[in-house]
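# After the sequence you'll find the predicted model.
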Amino acid sequence: MPELPEVEVLRRSLEPHLVGDRIERVEVHNAALREPVDRATLVRHAAGREVEALRRRGKYLLINLSGGRTVVVHLGMSGRLTLVPAGTPPEPHEHVALHLRSGGRLRFRDPRRFGVVFSLPTAALAGDPHFSHLGAEPLEPGFDGAFLARAAAGRRGPVKPFLMDGTVVVGIGNIYATETLFRAGVHPRRSVARLSAARWERVAAEAVQVLSAAIHQGGTTLNDFADGEGNSGYFQVSLGVYGREGEACPACEGPIRRIVQAGRSTFYCPRCQR
DNA sequence: CGGGCGGCCTGGAGGC
DNA sequence: TGCCTCCAGGCCGCCC
């Protein structure tokens, strides 16, 4: 489900509710996520702590707590984090719940269990293996065509999986890589070795544009994404090619094609993307 | 070393 | 209705 825009929308929706509140109790109903949830450490780090800030790194949501601890949540493919009133009965696949002093709880629900929940000292974040290899934040200064061109130097593969490589740039998943290349007019199979500086500039600019627009529209809800208050996004109506195999290209009316790259669906317009 | 692919899971959609 | 296959927004480890 979630790429950078969805996690950022989630962060913004939760921030006003969580900051200043306190986690009274931690419940782990099912520890068998992609990485086993370390219940004892999570309880020790989170229980009784105040929420100081909500941050984001790539697709990771960071809940900064008092005492220099941070709870990290990654939604995987099907994860959802929502605030529900106290007494709301647990849902199927509600694996972790953080009960708040103000009443209610922050529930983590994830049918496919590709998500991750863990905690650590805030000072250890940068050196943690989840984060230490991560690339640039696309919405922060320094992310531009020259950066991408440098990162691509010496590489050969197609540009679409390159954009999804988190060691290069974080937060761009299958939807936004697809849409970025459509907007930039670049064929998803084009080799990164064969993109001009001007093309890289265009790719970087369109990535920033599409991510920002998606955040502004509350994210993309294809199936079940919702923010912390349960609101759906509506950027899906602005998708140019993703999920539209056989439909007319919004620019040239030609049929949109679907191919598979690195095991993932890619949609593109063969006429507009070269 | 970089890139491709399978695997991790469940559930929904669509074909028969 | 039921059963089967395919597909899904991420990421890691293994392989070449």
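Looks like it arrived, so ask away.

# Domains of chain A: list them as residue ranges, please.
Following the assignment in automatic domain parsing, chain A carries domains at A:4-124, A:145-268.

# List the contacts of the residue of chain A found nearest DNA strand C.
Nearest residue of chain A to DNA strand C (Cβ to the nearest atom of the strand) works out as residue A:173 at 2.0 Å. No exception for glycine: its C-beta is placed from N, CA and C like everyone else's. Under the criterion of Cβ atoms under 8 Å, 6 or more residues apart in numbering, the neighbours of residue A:173 are A:2-4, A:59, A:164.

# Now restrict those residues to buried residues only.
When burial is judged by neighbour count using 16 or more other Cβ atoms under 10 Å, the buried members of those are A:2-4, A:59, A:164.

# Residue A:42: what's it in contact with?
Residue A:42 neighbours (Cβ under 8 Å, 6+ apart): A:26, A:28, A:71, A:96, A:117-119.

# tell me the pLDDT at it?
Model confidence at residue A:42, expressed as pLDDT, equals 97.

# ok so, going back, and which of the buried ones among the contacts of residue A:173 is nearest to residue A:197?
Using Cβ to Cβ, residue A:164 comes nearest to residue A:197 of the buried ones among the contacts of residue A:173, at 21.7 Å.

# show me the residues around the closest residue to the closest one other than its chain neighbours that make contact.
The shortest distance from residue A:164 to any residue that is not its chain neighbour, by Cβ to Cβ, 6 or more residues apart in numbering, is 4.9 Å, and that residue is residue A:177. The contact partners of residue A:177, by Cβ under 8 Å, 6+ apart, come to A:160-161, A:163-164, A:188.

# about what we covered before: close to DNA strand C as well: tell me which of the buried ones among the contacts of residue A:173 qualify.
A:2-3, A:59, A:164 (Cβ under 7 Å from any atom of the strand).

# Can you pick out the most distant pair from those?
Using Cβ to Cβ, the two most remote members of those are A:2 and A:164, lying 13.9 Å apart.

# just the helices in chain A please.
Assigned by DSSP state H, chain A shows helices spanning A:4-18, A:39-46, A:145-152, A:159-163, A:174-184, A:197-216.

# Among the ones you listed, which comes closest to DNA strand B?
Ranking the helices of chain A by distance to DNA strand B, with Cβ to the nearest atom of the strand as the measure, places helix A:159-163 first at 4.3 Å.

# any bit of that closest one sitting next to DNA strand C?
No: for a cut-off given as Cβ under 7 Å from any atom of the strand, helix A:159-163 has no contacts with DNA strand C; the smallest distance is 10.1 Å.
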